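>>> A structural model of the following input is requested.
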Amino acid sequence: MEEFAAAVGLSRPTVSKYFQDPSSVRQRVREKIEVGLKDTGFRPNLFAVNLNRRRSKIVGLIFPNSMDPFYMGWRRQLEVEATSAGYLPFVFSSDGRAELEAEALETLSSLNAAGVIMVPVGGNTAHREKVKAIAKRNPIVFIDAPFDAEEAFVGTNNAQSMALITDYLTRFGDRPCYFDMPAVNSNAKERRDAYTATMLRRGLEPILVPIQSSTVWDFERFAFDEASRFLREGGFPTKIILCGNDRVAFGLLAALQQAGKKVGITPDCDLRVAGHDNQPLSEYIWPPLTTVQQNVTEMGRLAMKLLLSRLEAPEGAKGQRRAEHILVNADLVLRSSA
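Sure thing, here's the model as predicted:
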């Protein structure tokens with residue numbers, strides 16, 4: 001940068017100021033630097049700049065599954081929020097593995113990232129302690145599933161969303177049974193508990209489909225295999241099935257259709273099926289899936305707002321971590337599967 005500054009006849013601090021915020025220098029100076037950039041092809045070394053700053057303009061985004069359309073929606077929204085706030089988003093996938101999550105956090109820490117927004121994958125005590133230690137140095141906001149009571153979190157109000165769809169499904173003359181999701185995070189228990197509480201509130205006995213215990217992120221394959229097993233062993237206990245999430249419902253629907261079962265709301269249908277999340281494909285599978293829609297746009301906005309509030313806190317207050325948990329309500333989406 002010193003060589004570039006000399007080449008364009010400006011001081012290094014002026015050039016550095018331009019790269020931090022082009023609008024912070026006079027238009028004549030800005031035009032001179034931009035002509036010099038075209039002539040020389042110079043670009044500052046982003047990593048060197050970040051190492052030299054007390055805090056970089058990098059924000060890390062960590063998701064457990066880069067192929068999940070739901071997390072793609074989160075990613076798009078968070079990238080928009082980060083960019084509009086003047087930050088550069090770096091995206092990592094933990095592939096549902098604690099060791100890759102830790103590696104991503106360490107990489108972001110080495111890049112002097114300003115902060116991180118992530119979906120936690122859980123892990124053993126040693127991993128959780130490592131995440132907590134990093135959270136003390138770099139602000140982290142957790143999304144989708146809370147890490148613990150002490151760390152900032154933004155997610156769906158599972159108690160409200162599951163109560164909403166469970167209450168709806170109890171109106172069809174048969175009790176909805178619950179097809180759980182693999183226990184990859186706290187959402188599994190929260191949604192199962194909300195289903196149970198709603199059934200009891202309506203004076204109905206909860207019916208939990210006895211699935212195998214699992215922590216796999218391949219929800220569709222898991223649900224297909226488990227549903228196929230139930231069908232071979234006599235079928236489901238009721239004609240209404242509520243799934244822990246839409247991806248579980250996708251696998252279930254595939255198994256039902258392969259077995260010749262008709263799903264829908266017409267009198268000739270064998271079963272009704274509903275999910276949770278409103279995945280992008282939920283509207284286009286057959287039959288289109290009744291579900292609840294998480295407000296990804298609002299959650300992304302709130303997560304970035306919470307992170308920025310920590311980054312912009314007075315210097316003396318930056319070490320004080322906020323334990324704020326923000327829950328966003330979901331909306332019922334009615335389609336022809338239930």
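>>> what's the following helix or strand after the helix or strand encompassing Phe4?
Assigning secondary structure by DSSP states H and E places Phe4 in helix 2-8. Sequence order places helix 12-20 as the next helix or strand after helix 2-8, per DSSP H and E.
>>> Heading C-terminal from that next one, find the next helix or strand.
helix 27-40.
>>> looking at the chain, which helix or strand does the model trust least?
Ranked by mean pLDDT, DSSP states H and E, the helix or strand of the chain with the weakest confidence is helix 46-52, at a mean of 56.
>>> Could you list the paired strands of the next helix or strand after that one along with their orientation?
Sequence order places strand 58-63 as the next helix or strand after helix 46-52, per DSSP H and E. Strand pairing for strand 58-63, using DSSP bridges, gives strand 88-93 (parallel), strand 115-118 (parallel).
>>> who touches the first one?
I take that to be strand 88-93. Strand 88-93 is contacted by residues 57-66, 75, 78-79, 82-83, 100, 104, 107-108, 111, 113 when judged by Cβ atoms under 8 Å, 6 or more residues apart in numbering. C-betas here are computed from N, CA, C, even on glycine.
>>> if you set the cut-off to 7 Å instead, what comes out?
By Cβ atoms under 7 Å, 6 or more residues apart in numbering, the residues outside strand 88-93 that reach it are 57-63, 65-66, 75, 78-79, 82-83, 104, 108.
>>> Now flag whichever of the residues you listed is closest to Lys239.
Lys239 has its nearest neighbour among the contacts of strand 88-93 in Asn65, at 31.5 Å by Cβ to Cβ.
>>> Could you point out which residue ranges in this protein have low pLDDT?
Filtered on pLDDT under 70, the chain yields the residue ranges 45-55, 314-322.
>>> Got the domain ranges for it?
Domain segmentation of the chain under automatic domain parsing yields 2-44, 55-156+296-329, 158-293.
>>> Which one of those domains lies nearest to Ala338?
Across the domains of the chain, the minimum distance to Ala338, taken as Cβ to Cβ, is reached by domain 158-293, at 3.8 Å.
>>> chain center to the closest one, what's the gap?
Taking the mean of its C-alpha atoms, domain 158-293 sits 21 Å from the chain's own mean (Cα atoms, centre = their mean, to the nearest Å).
>>> What's the end-to-end length of that domain?
Taking Cα to Cα, to the nearest Å, domain 158-293 runs 11 Å from one end to the other.
>>> what's the answer for stretch 91-105, then?
End-to-end distance of stretch 91-105 (Cα to Cα): 11 Å.
>>> For Thr291, pull up the helix or strand it's in.
Here Thr291 sits within strand 291-293, counting by DSSP H and E.
>>> Check which element follows that strand along the chain.
Following strand 291-293 in sequence order, the next helix or strand is helix 296-311 (DSSP H and E).
>>> That following helix packs against which elements?
Using 3 or more Cβ pairs under 7 Å, 6 or more residues apart in numbering; DSSP states H and E, the elements in contact with helix 296-311 are helix 69-84, strand 115-118, strand 140-143, strand 153-156, strand 325-328.
>>> which one of these is the most hemmed in?
Comparing the helices and strands packed on helix 296-311 by mean neighbour count (mean count of other Cβ atoms under 10 Å), strand 140-143 ranks first with a mean of 26.
>>> Can you list the strands that that one pairs with?
Partners of strand 140-143 in its sheet, by DSSP bridges: strand 115-118 (parallel), strand 153-156 (parallel).
>>> who touches the first one?
With Cβ under 7 Å, 6+ apart as the contact definition, strand 115-118 has outside contacts at 59-62, 78, 105, 108, 138-143, 303, 307, 310-311.
>>> how close does the residue lying closest to Phe224 once chain neighbours are set aside sit to Ser186?
Of all residues not flanking Phe224 in the chain, Gly251 sits nearest, at 3.9 Å (Cβ to Cβ, 6 or more residues apart in numbering). For Gly251, the distance to Ser186 equals 22 Å [Cβ to Cβ, to the nearest Å].
>>> Who has more neighbours out of those two?
Using other Cβ atoms under 10 Å, the more surrounded residue of Gly251 and Ser186 is Gly251, with 22 against 18.
>>> I'd guessed the residue nearest to Phe224 sits against Glu220; true?
Yes: Gly251 lies in contact with Glu220 (Cβ atoms under 7 Å); the separation is 4.0 Å.
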